[in-house]
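**Student:** Would you be able to build a 3D model of this:
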Amino acid sequence: MSTEKKIPQRQCIGCGEMKNKRDLIRVLKDTEGTISIDVTGRKNGRGAYICPSMDCFKKAVKGKGLERSFKMAIPKEVYESLEKEMEQIG
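**Tutor:** Numbering: from 1, shown residues only. Model prediction:
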């Protein structure tokens, strides 16, 4: 029996590609409805994953990937704050 550890795969909400979970950034909607970037990847709440590139972020905004994932309308200010956080990471 092989004891290879499975690497979890997640789909990017921007480009739609399946990638390793560790290669993606987790966007989190917590119980209060606040949307932020979860750097640890372990906070409680609903998560959506995105590649660490601005191209994928722009595709996710244009294609309403976050709105589909979180099943809610997302205000423009939230996208602006997420964009600033993405720039700091990338």
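
**Student:** give me the low-pLDDT residue ranges for the chain?
**Tutor:** The model of the chain has pLDDT under 70 over residues 1-2, 90.

**Student:** ok, which stretches of it are helices?
**Tutor:** Taking DSSP state H, the helices of the chain run over residues 54-62, 65-70, 76-89.

**Student:** which of the ones you listed sits most buried?
**Tutor:** A comparison of the helices of the chain by mean neighbour count, using mean count of other Cβ atoms under 10 Å, puts helix 65-70 on top with a mean of 18. Where you see a C-beta, it was placed from the backbone N, CA and C, and this is true even at glycine.

**Student:** Now tabulate the helices of the chain in a markdown table and tack on distance to Asp30.
**Tutor:** What follows is these, written out as a markdown table (distance: least, Cβ to Cβ, whole Å):
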| stretch | distance to Asp30 |
| --- | --- |
| helix 54-62 | 19 |
| helix 65-70 | 11 |
| helix 76-89 | 13 |
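
**Student:** closest to Ser36 out of those helices?
**Tutor:** helix 76-89 (7.3 Å; Cβ to Cβ).

**Student:** chain center to that closest one, what's the gap?
**Tutor:** Mean C-alpha position of helix 76-89 versus that of the full chain (Cα atoms, centre = their mean, to the nearest Å) differs by 12 Å.

**Student:** coming back round to it: please identify which of the helices of the chain is closest to Pro8.
**Tutor:** Nearest of those (Cβ to Cβ): helix 65-70, 16.6 Å.

**Student:** Ok, which of the helices of the chain comes nearest Met18?
**Tutor:** Judging the helices of the chain by Cβ to Cβ, what sits closest to Met18 is helix 54-62, at 13.2 Å.

**Student:** Who are the packing partners of that closest one?
**Tutor:** Using 3 or more Cβ pairs under 8 Å, 6 or more residues apart in numbering; DSSP states H and E, the elements in contact with helix 54-62 are strand 46-50, helix 76-89.

**Student:** a markdown table please, covering these and showing distance to Thr3.
**Tutor:** A markdown table is the format used below for the helices and strands packed on helix 54-62 (distance: least, Cβ to Cβ, whole Å):
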| stretch | distance to Thr3 |
| --- | --- |
| strand 46-50 | 26 |
| helix 76-89 | 33 |
